[in-house]
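Engineer: Structure for the following, please:
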Amino acid sequence: MVWEGAHDVDLSERALVSRQHATKPCTHVDKNTMEQLKSLLWQFKAPIRYAVAYGSGVFSQGSAAAPRPMIDLIFGVTYTQHWHSLNMQQHSSHYSIIRQLGSGVVSNVQDKFGAGVYYNTYVDINGILVKYGVVNIDTLCSDLTDWNTLYLAGRLHKPVKILREDPQVKLSNDINLLSATRVALLLLPERFSEKALYYTIAGISYLGDPRMKLFTENPNKVSNIVNNQIQSFRQLYSPSIDKLPNVDYVSENITCNDGASDTMLMQDMDPIRRGNMVRRLPKHFRDRLYFQYQRKFSIPPSEFKTMVGLSDDEERIKKKEGGEFEQRIAGDIENLPHEVGNVIKNTIAWPSTTQSIKGLATAGPLKSIRYLGEKVDKWRKSKKSFGIEG
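Structural biologist: Take a look at the predicted model:
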């Protein structure tokens with residue numbers, strides 16, 4: 001696969017470091033746990049094209065984890081209604097009372113509300129407590145490439161354990177990880193640590209999440225995720241650092257044993273190169289940023305449409321190089337992180353809010369109360385561990 005701008009990539013020392021990082025082992029999931037995770041898929045007769053496990057039930061996120069953390073799963077499926085129809089016949093107890101309305105209603109609730117995911121939570125499968133979300137494979141890939149909601153794309157910015165791979169999803173997520181790196185670079189200063197890069201990337205999906213403002217999420221979640229999974233982040237993002245021509249390691253003598261806080265990177269702040277990076281952002285995300293700067297620069301609608309109004313076909317054919325408008329955005333160095341942060345918040349806030357509301361119906365009242373209670377308990381424990389009193 002050839003990435004845009006790949007011909008500009010320095011394949012010398014940076015490529016060597018990226019290969020060193022990429023060969024480091026992922027966050028360890030022991031053999032028994034891996035076998036347990038994979039065995040969960042065989043309990044479903046409905047066809048699962050793509051499956052991934054994530055969260056504190058799979059990877060360590062610090063001391064706030066529950067004694068028996070729930071395993072979080074995402075299933076990518078081809079035909080939503082057909083999948084739920086088969087699954088409701090086999091596992092009717094997984095669903096709330098909404099199952100009585102039929103698979104058509106369940107699939108409509110999934111596809112038309114929130115971020116396109118339908119969760120069944122607190123499901124006991126062979127003694128393992130599971131929460132699994134079902135998403136149409138096209139919805140998943142669209143979010144990974146275009147960042148329509150960042151709900152699923154944001155989850156896959158962090159280390160996950162893929163239980164069943166799909167070529168379409170793999171290609172889409174490669175694009176997603178590169179996009180996350182680009183957005184992080186727009187949020188970061190010229191010089192920054194490797195750990196700051198991973199903190200920024202891991203924090204993208206939480207910027208607009210309303211749960212972070214309530215007593216339902218660990219306020220130290222981002223630091224817990226990154227600090228406990230540094231090598232996994234290196235494995236995920238070293239290829240992106242390798243591919244991008246406008247970022248490099250400061251030192252040439254880097255080894256995989258160097259601490260992420262001490263490993264420094266530097267990015268090229270030239271407006272032309274950063275303008276190219278703006279132009280190559282995920283389409284829906286980029287459009288939101290464009291409209292924000294249209295207002296900021298007071299550009300008339302007719303002129304703005306001429307500058308950025310490409311059809312989907314033109315979008316695919318035209319070489320993705322930034323023009324005067326993108327370079328002007330890139331040159332707004334002082335305000336650009338704030339503007340990008342606002343776009344992230346606006347992208348995430350509504351889908352995440354409606355997805356949470358939808359969860360009340362799909363989980364049912366008893367499971368919803370239990371889930372909320374556990375979240376609040378984890379939030380309290382995390383504050384106590386840092387000596388913060390509520």
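
Engineer: C-alpha from now on. contacts and neighbour counts both.
Structural biologist: Noted.

Engineer: Counting neighbours, what do you get for the closest residue to K131 other than its chain neighbours?
Structural biologist: Leaving aside its chain neighbours, K131 sits nearest to T121 (4.1 Å; criterion: CA to CA, 6 or more residues apart in numbering). Using other CA atoms under 10 Å, T121 is surrounded by 24 other residues.

Engineer: what do you get for Q231?
Structural biologist: Neighbourhood size, Q231 [other CA under 10 Å]: 22.

Engineer: and it, what helix or strand is that in?
Structural biologist: Using DSSP states H and E, Q231 sits in helix 230-243.

Engineer: Who are the packing partners of that helix?
Structural biologist: Counting contacts by 3 or more CA pairs under 8 Å, 6 or more residues apart in numbering; DSSP states H and E, helix 230-243 is packed against helix 13-22, helix 167-187.

Engineer: Sheet partners, orientation included, of the helix or strand following it?
Structural biologist: Sequence order places strand 247-249 as the next helix or strand after helix 230-243, per DSSP H and E. Next to strand 247-249 in the sheet, as set by DSSP bridges, lie strand 264-267 (antiparallel).

Engineer: after the strand it pairs with, next one along is what?
Structural biologist: Per DSSP H and E, strand 264-267 leads on to helix 271-279 as the next helix or strand towards the C-terminus.

Engineer: Return the set of buried residues in that following helix.
Structural biologist: Across helix 271-279, burial judged by 16 or more other CA atoms under 10 Å covers 271-279.

Engineer: G359 reaches Y119, doesn't it?
Structural biologist: Yes - counting by CA atoms under 8 Å, G359 does reach Y119; the two are 7.0 Å apart.

Engineer: Those two: which is more packed in?
Structural biologist: Between G359 and Y119, Y119 has the larger neighbour count (other CA under 10 Å), namely 23 against 20.

Engineer: what phi and what psi does the backbone show at that one?
Structural biologist: Per-residue torsions, Y119: phi -100, psi 130 (degrees, to the nearest 10).

Engineer: and it, bridged to which residues?
Structural biologist: Here Y119, judged by DSSP bridges, has bridge partners G133.

Engineer: and it, what does it touch?
Structural biologist: With contact taken as CA atoms under 8 Å, 6 or more residues apart in numbering, Y119 is in contact with 131-134, 359, 362-363.

Engineer: Looking at these, which one is closest to L207?
Structural biologist: G359 (20.3 Å; CA to CA).

Engineer: Which stretches in the stretch 251-390 of the chain count as helices?
Structural biologist: Along the stretch 251-390 of the chain, counting by DSSP state H, counting those that start in this stretch, helices occupy 271-279, 283-297, 301-308, 312-317, 324-330, 336-363, 365-385.

Engineer: returning to that earlier point: what's the pLDDT at the residue nearest to K131?
Structural biologist: Here, the pLDDT recorded for T121 equals 90.
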